[in-house]
Every structure is written in C-alpha cells, then in structure tokens.
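Asker: next input, structure requested:
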Amino acid sequence: MTTRNITWLALGAGVLALVLSGAAAVQSGLKAWTMNQKIEMALQQKDKKSVEDALPQLYLLQAPSHGAAGAALLARLRTSARKSGVSLQRAEPRPLDPADPQSVKISAQASGPTEAIAAFIYELEARPPALLIERARLNVGDKKATVSVDILVAARAQYGRSAP
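Answerer: Next up, the predicted model:
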C-alpha cells in the first residue's frame, strides 16, 4: 500500500466516524427532546391535579359557625369510630381560639384492637374534608390485645355568613 492509499483510507475512516457520531448525536438529541416533552406534559398534568385537589370542599369543613363545625367534626369522629369498631370513650370539642378562628379541634380518646385503631385513624384521614391529627398517644392495655389512643384532631373551617 502506498502512502496515498493509507491517507485516503484514514480520511475515509475519519469521515465514517464523523457521520456515525453525528447520527448518534441527532438520535440522542431526539430522545432527549422526547423525554423533555413527556416531563413537561407530566408537570402540566400534576399542576392541573393539584389545583383540583385544592378545592375548598376537599379541605374545608363548611359550617355556619364554630359550634356547628365542632358538631360536624364530632359527628364524623363518632361515625368513624362506629365504622371501624372502636369504642369512643371521650370526645370534647375545644373552644374557639381567637388567634386562629378557622381552626376547629376536638380531643378524643378511643380504644379497641390494634387493627380497629388503625382503621379508625385511616377513616378520619381518608375522606374529605381533610383532618389533621395534631397529637396521638397510644397506650397498650394489660393483655396487649387492646390499644387506647388519645388524639387531638383539627380541621380548617369556612363559616357561612354568620361568623363564629
């Protein structure tokens, strides 16, 4: 082989490598662009969903007054306890906090089997309007078959025309 043939061969190999690397770069760019489009669409869907999740009926307890909101929260606690098979020993609505008038709180004490207590807490948190368990203290009974829970449940309320 002559020097000229080796030069042409090296030049051809270089051109081939350049063409292949260009094709790989174009393919990678297209794949990155496609993935970026999918990410953008997912973010847009997420934003739409979070706006829907922020509907007041999903997180606010609607009531004409603070007392009515406390009564609605108390009824929900009793219904959740009955549904989950928990014995509700005490449930006391807290008075209106002037620093946070939209907050409605109830302290409660319930007991039952571990599974029933778990179902009770799930039942409280699973349905709208959203409730927040601010405090929970669990105590295991002597036979370890019964668990008692002392909880402080809070909700945000939106009052009707008549203020609290």
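Asker: buried residues, the helix or strand encompassing E92. List them.
Answerer: Per DSSP states H and E, E92 falls inside strand 87-93. Buried residues in strand 87-93, counting neighbours by 16 or more other Cβ atoms under 10 Å, are found at 88, 91, 93. Yep, even glycine has a C-beta here, placed from its N, CA and C like the rest.
Asker: tell me what angle the top strand by length along the chain forms with strand 87-93.
Answerer: Longest strand in the chain, counting residues (DSSP state E): strand 147-159. Angle, strand 147-159 to strand 87-93, by axes from the mean of the first three to the mean of the last three Cα atoms, to 10 degrees: 30 degrees.
Asker: partner strands of strand 147-159, with direction?
Answerer: Strand pairing for strand 147-159, determined by DSSP bridges: strand 60-63 (parallel), strand 103-112 (antiparallel), strand 131-140 (antiparallel).
Asker: dump these into TSV; add mean neighbour count and mean pLDDT as well.
Answerer: Listed next are the strands paired with strand 147-159 as TSV, based on neighbours: other Cβ atoms under 10 Å; pLDDT from 0 to 100:
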stretch	mean neighbour count	mean pLDDT
strand 60-63	19	85
strand 103-112	20	92
strand 131-140	13	87
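Asker: run the chain-centre distance for the longest strand of the chain.
Answerer: Remark: strand 147-159 is offset 18 Å from the chain centroid, using Cα atoms, centre = their mean, to the nearest Å.
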